[in-house]
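Novice: Attaching a predicted model along with its sequence, questions to come.
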Amino acid sequence: MSEPVICFGQQPCGIFPNRFVFSKIRTARRLQSEIGGKIIFFLHDSDHDHRETCSKLTNRHTNKIERVNFEVLNKTQKLYSPLYCKTIKPEWKEKTRRCLPNLVGPECVDVFSDVESDNVTEFCIEMYRGMGLMDGIELVRSSDPELRKQAIDVDDHFADVPYEGETVRARFKDGGYYLYKGGSNYFEVPVDGIEKSQISPTRDTRLLWMQSIVHCTHYVTGAGETQYLNTEEAPEIEFVKRDDIDRSGEAYTDIDHEW
C-alpha cells in the first residue's frame with residue numbers, strides 16, 4: 001500500500017502568509033503525525049490576481065491594520081500577468097523594509113532582508129522558507145510547464161500568452177482568449193496556437209487538474225474552498241477541514257511554530 005499524500009493548496013499570499021494558510025500547514029502536519037506520509041503544498045502561482053498577495057499586518061504602535069503588497073513593473077503585469085511572471089519594482093524592497101519594524105518583530109525583518117528575488121512568487125516562497133514554514137514540505141507549482149504537460153486536459157482554462165511585451169493569463173471562452181476589463185466586459189487577445197505547457201485551470205477545474213498531478217490521498221480544505229469544491233469529483237480523496245484559527249485573514253508573522 002502506498003504512503004499517504006497529504007496536500008493543501010494556495011496562491012502565494014504575500015510576504016507573510018495568511019493565518020489561514022498557517023492553519024492549513026499545521027493541520028497537514030498534525031495529520032502527518034497521525035498517519036505518516038508526505039505533505040505537498042500545491043502552490044497556485046498561475047493565478048494573476050494581485051490582491052492575493054496583500055498582507056494584512058497590525059501596526060505595533062497604533063494597533064491598526066496596515067496592508068503591504070508588492071509593487072510591480074507596470075499596469076499590464078499588475079492586472080493580467082500570472083503571479084509567477086510579476087516582477088517587483090527595484091525600490092519596493094527597501095521602502096517596505098523601512099516600514100516593517102512597525103509591523104513585525106526583528107526576526108521577520110531579518111528574514112525579509114535576506115530575500116534577494118525580484119519575482120513575486122519566488123519572494124513569497126523564500127519568505128515562507130526563511131520562516132521555517134516549508135521544512136519537510138514538497139512544493140508543487142501550477143506554473144511548472146513540465147507538470148502542466150502531465151495534467152489532464154480541461155476545457156475551462158486559462159492560458160499564459162504574450163501581450164504588450166508581457167506574459168498575461170487569458171481566459172478561454174467562445175473559442176478565443178480574453179482578458180477581463182471589469183463588470184461583464186472582456187477583450188480578446190491575439191493568440192497564435194496554445195501548447196499544453198501554457199494552460200492552467202480555472203477555479204472549477206482546478207481540483208481534478210491538480211489531482212492528476214499530485215495524486216493525493218488527503219486534502220486539507222480552507223473555509224472558502226468548502227463552498228465551491230465538488231468533492232464528489234474525486235472520491236479517492238479524504239477531505240479534511242483545516243483547523244480553526246483566529247484572525248484568519250491577517251498575516252502570520254511568528255518564527256517559532258507550534259506544530
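Specialist: Arrived safely, thanks for sending.
Novice: Show me the strands in the stretch 1-150 of the chain, by range?
Specialist: 5-10, 38-43, 55-58, 65-68, 137-141 (DSSP state E, counting those that start in this stretch).
Novice: Turn these into CSV, columns for distance to residue 96 and mean neighbour count.
Specialist: C-beta here means a position set from N, CA and C on the backbone, and glycine is covered the same way. Listed next are the strands of the stretch 1-150 of the chain as CSV, based on distance: least, Cβ to Cβ, whole Å; neighbours: other Cβ atoms under 10 Å:
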stretch, distance to residue 96, mean neighbour count
strand 5-10, 22, 23
strand 38-43, 22, 21
strand 55-58, 10, 20
strand 65-68, 6, 14
strand 137-141, 24, 16
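Novice: Can I get these in a markdown table including mean pLDDT?
Specialist: Shown next, in a markdown table, are the strands of the stretch 1-150 of the chain (pLDDT from 0 to 100):
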| stretch | mean pLDDT |
| --- | --- |
| strand 5-10 | 98 |
| strand 38-43 | 98 |
| strand 55-58 | 98 |
| strand 65-68 | 98 |
| strand 137-141 | 98 |
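Novice: Make TSV from those strands and add distance to residue 187 to it.
Specialist: Shown next, in TSV, are these (distance: least, Cβ to Cβ, whole Å):
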stretch	distance to residue 187
strand 5-10	29
strand 38-43	29
strand 55-58	31
strand 65-68	29
strand 137-141	28
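Novice: top helix in this protein by residue count?
Specialist: helix 19-35 (DSSP state H).
Novice: on that earlier part again, which one of the strands of the stretch 1-150 of the chain lies nearest to residue 183?
Specialist: Minimum separation from residue 183 across the strands of the stretch 1-150 of the chain (Cβ to Cβ) falls at strand 65-68, 24.6 Å.
Novice: which helices and strands does the closest one pack with?
Specialist: strand 55-58, helix 92-99 (3 or more Cβ pairs under 8 Å, 6 or more residues apart in numbering; DSSP states H and E).
Novice: helices or strands up against the longest helix of the chain?
Specialist: strand 5-10, strand 38-43, strand 218-221.
Novice: Assess the claim that residue 125 and residue 43 are in contact.
Specialist: Yes - between residue 125 and residue 43 a contact is recorded at 7.4 Å, counting by Cβ atoms under 8 Å.
Novice: That'll do, ta.
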